[in-house]
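1. need a 3D model of the sequence below.
(chains A, B, C and D)
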There are 2 protein chains.
Amino acid sequence: MNIGEIARRAGVSRSTVSYALSGKRPVAEDTRRRIQQVVDELGYRPSASARALANGRTSTFGLVFPPAGNHYTGMQLDFIGSVVEAAAAYDYDVLMSPSGVDSDRSFQRLLGERRVDGAILMEIRLEDDRVDHLAALDFPSVAIGRTAHPEGGWWVGLDHTALAAACVHHLADLGHRRVAFVNRPEQLLRAGYESAHRGLDGFTKAAAERGLTVRTYCCGDDAASGQACLERILYDDPSTTALVTLNEAALGGLYRGLAKAGRHVPRDFSVTGVVAGRWAETVTPQLTAADVPAAELGRLAVELLVERLDHPDAPPRHHLLTPPISLRASTGPAGAMPAALAADAGPDATP
Amino acid sequence: MNIGEIARRAGVSRSTVSYALSGKRPVAEDTRRRIQQVVDELGYRPSASARALANGRTSTFGLVFPPAGNHYTGMQLDFIGSVVEAAAAYDYDVLMSPSGVDSDRSFQRLLGERRVDGAILMEIRLEDDRVDHLAALDFPSVAIGRTAHPEGGWWVGLDHTALAAACVHHLADLGHRRVAFVNRPEQLLRAGYESAHRGLDGFTKAAAERGLTVRTYCCGDDAASGQACLERILYDDPSTTALVTLNEAALGGLYRGLAKAGRHVPRDFSVTGVVAGRWAETVTPQLTAADVPAAELGRLAVELLVERLDHPDAPPRHHLLTPPISLRASTGPAGAMPAALAADAGPDATP
DNA sequence: TAGCTTCGCCGAACCGGTTCGATGAAGCAC
DNA sequence: GTGCTTCATCGAACCGGTTCGGCGAAGCTA
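-> Below is the predicted model:
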């Protein structure tokens, strides 16, 4: 069922069918109706490949996402879903491109073979060769996250510095003096992941400002690592009374570690951080946290990309979001726990 | 940089370049080298659209996934990731297609506009018009899940009936007599979601077999609903000592409800179900559950689809998996809790 | 050296759309 | 009735690959 078939049945030329369907030139009303009728009868739809070949646009975005090796977090899933849905609203499809191992090959597929009109990048690093590469090619793309030098780029992102600082201030306001920071895995920090770095910076600076005593940790993206990390925290400084985490996946393990160490949240120990809202509500007590607006970020990324495609010469735009901390149940005033008990409660303590 | 440019620079015809690159006809070795050199110098890659138009294959799969309206579970994310990675290994890209609202439109995009060579469907219903539709068209596709009449179809899936039954037997073996079942939301059950129906069936039949007293509940896909559901369970029958759940997203809420009701897991109350392994390990105590092998299912689905595309006349194949229950820490022998306490512990009980 | 095969390459057609310039008919003024 | 514009439609070229038939040169046989 190609356009020639429709043309023959409607008794017109192929170009007339094309114009009737696209509306790019006027077509007599009764001709248009006749064509439309044939189209409806046969259920004709123009081939995406042929259309893409002819007009050079694929109506497809690439979504470059991290490989499964790093465990996915709820946040990432929400990104994917919201990007796909927002793109559909603008009549774009989304092609998934695993970055990571052999990322060159999948980049080549997307760009070299011209499969997509634009790309959205997840999991940005401070120095990100993918971003640089795309910028050098002037290829339309939007990053979810910002590099060390975001000027002149198109991106949406969270102000991780401010969010981590907000967590610190919240805890300091509650009277906490000894606070731990649980970051993403060391491997990701070393690789330069933006959230890990900016979060750490924001935490460190705000803590210094408030005169807090802090320790910072990297922690694997799973519950077992979270538990181990918490044991380490209490071992290193048993008088720690609060922690800030960026690590969604470790959260369950952190809670478990606290329970094992006999620390009640929030009475003896406060927990907060930057976590997707839905996730924050699954733990008990529910986590007081800066909720990552993943769905909004995905939507904004798509909007920027669409704008960039529609107006190739538009000046770069970006959105930096700073969601407020949602007060839930995992933080409370410090000092409820007597210092004596704090000294006892090492990593080997039992309830 | 099209194939004509390469041909000119290498001093050969376009067809020779094509044959040199595809290897579908022999080309003199030095000619081939000359062409390859030009290709490498210019970084030439053939246009995916043109290739797709010419040979009728897009090298792309569609992945039809549920809309974000239903909250995503960890399982679904793992599916997506593993499908994308497995597809990449076979040199296929993956195009995301939100099913759900206006699913016809996105189906039309995939099939009508011939964007994909085949499709993988998630979230299957017992009576699934998408599956029927694809089968009627003889369009290459593989379902993750099976309908009420899976004969003659291509699919991979879990034996939810057996898994739910295994949970029941596990609890019955531990001496539990009054057991609740926490299903996916009623809306999904009514829509005919496979896992919800088969899980419920397996639970009900196995419970009857073992002579257990049971109640079954539907529960929203979020923590708050889980907590409410648990309160309801204990209100309806305070002497309930165990539950089986298919609802990953509600799990955190169920645990919270138990804690609020003063029921210690696993001493006073056992919890088990069918949940992705990583998720089961985030809760405390870790959940004894039949681990959903999401990554393996995704990989198998891709393998079947590739086979179906390579051998269009191959007889239908499928994989039905029945992962064993992983014993963790959330189930224990019944009867540890005195009946008197059980009677006291209504939904309003406080620790 | 004529005749036949094999090898390596070329030209043209094709996939299914879009787009531009041209053409013919109708409508209108004079 | 001629000249001019407007309108609707058509034909052809083009996008960038793939594929088929054919053709000339080289190699081999007799």
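
2. break chain A down into its domains, please.
-> In terms of domains, chain A is parsed into A:3-46, A:60-158+A:294-323, A:160-292+A:326-344 (source: automatic domain parsing).

3. so how far is the longest one from its chain's centroid?
-> On the basis of CA atoms, centre = their mean, to the nearest Å, domain A:160-292+A:326-344 is displaced by 21 Å from the centre of the chain it belongs to.

4. ok, now the first one?
-> From the chain centre to the centre of domain A:3-46 is a distance of 43 Å (CA atoms, centre = their mean).

5. ok, back up a step: how about a markdown table for the domains of chain A, with mean neighbour count added?
-> For every residue, glycine as well, the C-beta is placed using N, CA and C. Shown next, in a markdown table, are those (neighbours: other CB atoms under 10 Å in any protein chain shown):
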| stretch | mean neighbour count |
| --- | --- |
| domain A:3-46 | 15 |
| domain A:60-158+A:294-323 | 19 |
| domain A:160-292+A:326-344 | 21 |
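
6. who wins for proximity to DNA strand C among those domains?
-> domain A:3-46 (2.9 Å; CB to the nearest atom of the strand).

7. need the helices for the stretch 201-350 of chain A, in chain order.
-> Secondary structure of the stretch 201-350 of chain A, counting by DSSP state H, counting those that start in this stretch: helices at A:223-236, A:251-260, A:277-280, A:294-310, A:339-344.

8. least reliable of those by average pLDDT, please.
-> For these, the weakest mean pLDDT is recorded on helix A:339-344, namely a mean of 44.

9. closest one to B:L111 among the domains of chain A?
-> Nearest to B:L111, of all the domains of chain A, is domain A:3-46, at 8.4 Å by CB to CB.

10. is chain B within reach of that closest one?
-> Yes. Residues of domain A:3-46 contacting chain B under CB under 8 Å from any CB of the partner chain: A:G43, A:R45, A:P46.

11. between these, which is nearest A:A28?
-> Closest to A:A28, out of all of the residues of domain A:3-46 next to chain B and judged by CB to CB, is A:P46, at 21.1 Å.

12. spit out the contact partners of the residue nearest to A:S99 when sequence neighbours are not counted.
-> With sequence-adjacent residues excluded and distances taken as CB to CB, 6 or more residues apart in numbering or on different chains, A:S99 is closest to A:V64, at 4.9 Å. Neighbouring residues of A:V64 by CB atoms under 8 Å, 6 or more residues apart in numbering or on different chains: A:S97, A:S99, A:S103, A:S106, A:F107, A:L110, A:A119, A:I120, A:L121, A:M122, A:R130.

13. partner residues bridging A:V64?
-> Following DSSP bridges, A:V64 is listed with bridge partners A:S97, A:L121.

14. could you measure from it over to A:I80?
-> Counting by CB to CB, to the nearest Å, the gap between A:V64 and A:I80 amounts to 11 Å.

15. same question for A:G175.
-> 40 Å.

16. returning to that earlier point: farthest pair in the contacts of A:V64?
-> Going by CB to CB, the pair spanning the contacts of A:V64 furthest: A:S103 and A:I120, at 14.9 Å.

17. quick one, strands of chain A?
-> A:60-65, A:93-98, A:118-121, A:141-144, A:155-158, A:178-183, A:213-218, A:242-245, A:270-276, A:288-292, A:318-321, A:325-326 (DSSP state E).

18. can I get those in a markdown table with mean pLDDT and distance to DNA strand C?
-> A markdown table is the format used below for those (pLDDT from 0 to 100; distance: least, CB to the nearest atom of the strand, whole Å):
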| stretch | mean pLDDT | distance to DNA strand C |
| --- | --- | --- |
| strand A:60-65 | 94 | 15 |
| strand A:93-98 | 92 | 16 |
| strand A:118-121 | 96 | 18 |
| strand A:141-144 | 96 | 23 |
| strand A:155-158 | 97 | 30 |
| strand A:178-183 | 98 | 50 |
| strand A:213-218 | 97 | 52 |
| strand A:242-245 | 98 | 51 |
| strand A:270-276 | 95 | 40 |
| strand A:288-292 | 95 | 40 |
| strand A:318-321 | 98 | 31 |
| strand A:325-326 | 96 | 48 |
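
19. out of those strands, nearest to B:L309?
-> strand A:93-98 (18.1 Å).

20. elements contacting that closest one?
-> Taking 3 or more CB pairs under 8 Å, 6 or more residues apart in numbering or on different chains; DSSP states H and E as contact, the helices and strands that strand A:93-98 lies on are strand A:60-65, helix A:74-89, helix A:103-107, helix B:74-89, strand B:93-98.

21. how about 6 Å then?
-> strand A:60-65, helix B:74-89, strand B:93-98 (3 or more CB pairs under 6 Å, 6 or more residues apart in numbering or on different chains; DSSP states H and E).

22. which residues of the stretch 201-350 of chain A lie near chain B?
-> Within the stretch 201-350 of chain A, the positions near chain B by CB under 6 Å from any CB of the partner chain are A:A223, A:G252, A:R256, A:A259, A:E281, A:T282, A:V283, A:T284.

23. if we use 8 Å, what do you get?
-> Contacts of the stretch 201-350 of chain A with chain B, taken as CB under 8 Å from any CB, map to A:222-224, A:249, A:251-253, A:255-256, A:259, A:278, A:281-284, A:286, A:295.

24. hmm, A:R32 is touching A:A20, no?
-> Yes. Contact between A:R32 and A:A20 holds when scored by CB atoms under 8 Å: they sit 4.8 Å apart.

25. what is the burial count for A:D159?
-> Using other CB atoms under 10 Å in any protein chain shown, A:D159 has 17 other residues around it.

26. next, format the residues of domain A:3-46 next to chain B as CSV and append pLDDT.
-> Formatted as CSV, those follow (pLDDT from 0 to 100):
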residue, pLDDT
A:G43, 96
A:R45, 97
A:P46, 97
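
27. with respect to B:V265, which of the residues you listed is nearest?
-> Nearest to B:V265 among those: A:R45, at 54.1 Å, using CB to CB.

28. so what's the closest one up against?
-> A:R45 neighbours (CB under 8 Å, 6+ apart): B:Q108, B:G112, B:E113.

29. same deal with A:V38?
-> A:I6, A:R9, A:A10, A:Y44.

30. what's the nearest residue to the last one if we skip its chain neighbours?
-> Think A:Y44. Spatial nearest neighbour of A:Y44, excluding adjacent residues (CB to CB, 6+ apart): A:M1 at 5.0 Å.

31. residues in contact with the one you found?
-> A:M1 touches A:L42, A:G43, A:Y44, counting by CB under 8 Å, 6+ apart.

32. in helices only, show me those residues.
-> A:L42 (DSSP state H).

33. show the average pLDDT along stretch A:20-31.
-> The model assigns stretch A:20-31 a mean pLDDT of 97.

34. contacts for it?
-> Counting by CB under 8 Å, 6+ apart, A:A10, A:V12, A:T16, A:Y19, A:R32, A:I35, A:Q36, A:V39, A:P46 sit against stretch A:20-31.

35. list the contacts for the first one?
-> It refers to A:A10. With contact taken as CB under 8 Å, 6+ apart, A:A10 is in contact with A:V17, A:T31, A:R34, A:I35, A:Q37, A:V38.

36. nearest to DNA strand D, of those residues?
-> Closest approach between these and DNA strand D, by CB to the nearest atom of the strand: A:T31, at 3.2 Å.

37. check the residue in the stretch 251-351 of chain A that DNA strand D sits nearest to and give its pLDDT.
-> At 17.5 Å from DNA strand D, A:P312 is the closest residue in the stretch 251-351 of chain A, using CB to the nearest atom of the strand. Looking at A:P312, its pLDDT stands at 92.

38. what sits against the spatially closest residue to it that is not a sequence neighbour?
-> Ranked by CB to CB, 6+ apart and with sequence neighbours excluded, the top spatial neighbour of A:P312 is A:P140, at 7.6 Å. By CB under 8 Å, 6+ apart, the residues touching A:P140 are A:D117, A:G118, A:A119, A:L305, A:R308, A:L309, A:P312.

39. show me the contacts for the second one.
-> Read it as A:G118. Counting by CB under 8 Å, 6+ apart, A:G118 has contacts A:F61, A:G62, A:F139, A:P140, A:S141, A:V142, A:L305, A:R308, A:L309.
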